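J.: Here is the input, now give the coordinates:
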Amino acid sequence: MDARELTDEERLRALIEGGTPAAEAEAYIAEMAANGVAWAAFAAKHAEFLAARRADGLLIDPVTAECTWWWAGEVDSYALGWDGVDNINRQWFARAPGAEYWVSFDDLPEETKRALDKRMKAEAQEEAKTKTKTKDTFDLSDAKEQVDDLRKTAGKDAKAAAEKLIDKIVEHLKGVEPTLEQQAAAVKWMAVNQRGHCDNLRDLVAQGKRGPDELYLQVQWLPALEAAAVTMREYADRGGNDG
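T.: Numbering: from 1, shown residues only. As a prediction, the model looks like this:
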């Protein structure tokens, strides 16, 4: 079923089956109903701007288009002033060479978006191959950037280079044991991040921008992860003693 056709009852069932307490799920559905009204008003207010961007997208040639990204919201990628729940991450934009406005990839025709994804993937592969040929030394300070860049590519050579770099990092860090405090902080950060991610997904499901299955897969890990954060915090506070 299309996520846009889900009833409140179906959304409520998906949340509860995903591990959300019933009372919290019911309150969330009520909040999303109000949020939906607010979003409809917000979208109507900016309808002309959003329609113009989609029209711009129809004129973009994926062969010659300029592409870039910046940190923006999944819901309000153009930063028009939405004050509801949003998930901030990398958002990609394209425009015709020299055009005034950038167009979110979400507002591009699917065919254009697929062509741009294919082009950017090929460019990333070529760039990664150049890096692996010209950079022989290992510098831990930029290791994460190297791994992130290489993992974006699908080429066999780039994947092999990424695995080799990861092996070097692991070897370099052997014997470096994180403290209990660091471990507890890391687990708590993961739990908080996962909770925020699920909250954002719920908002996107309510708007019909994500399917309930995606939410279910993420929410099912929350109880165990949050319990692990509490357990790890208590263990660290005891100084590692099991008593």
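J.: Do you know the pLDDT at Lys164?
T.: Looking at Lys164, its pLDDT stands at 65.
J.: Oh, that last question was meant for Leu116, not what I typed.
T.: 94.
J.: pretty sure it is in a helix, no?
T.: Yes: secondary structure of Leu116 (DSSP: H, G, I helix; E, B strand; the rest coil): part of a helix.
J.: start at 291 instead
T.: Sounds good: first residue 291 from here, last item Leu406.
J.: for it, what are its contacts?
T.: 352, 355, 357, 384, 395, 398 (C-beta atoms under 8 Å, 6 or more residues apart in numbering). Quick note: C-beta positions are derived from backbone N, CA and C, even for glycine.
J.: just curious, which of these is nearest to Ile378?
T.: The nearest member of the contacts of Leu406 to Ile378, counting by C-beta to C-beta, is Phe395 at 16.0 Å.
J.: Not counting sequence-adjacent ones, nearest residue to that closest one?
T.: Trp382 (4.5 Å; C-beta to C-beta, 6 or more residues apart in numbering).
J.: likewise Ala496?
T.: In this structure, Ala496 finds its nearest non-sequential neighbour in Met322, 3.9 Å apart by C-beta to C-beta, 6+ apart.
J.: burial measure for that neighbour, as a count.
T.: A count of nearby residues for Met322, using other C-beta atoms under 10 Å, gives 20.
J.: Report the separation between it and Ala328.
T.: As judged by C-beta to C-beta, to the nearest Å, Met322 and Ala328 stand 10 Å apart.
J.: Alright, calling it a day.
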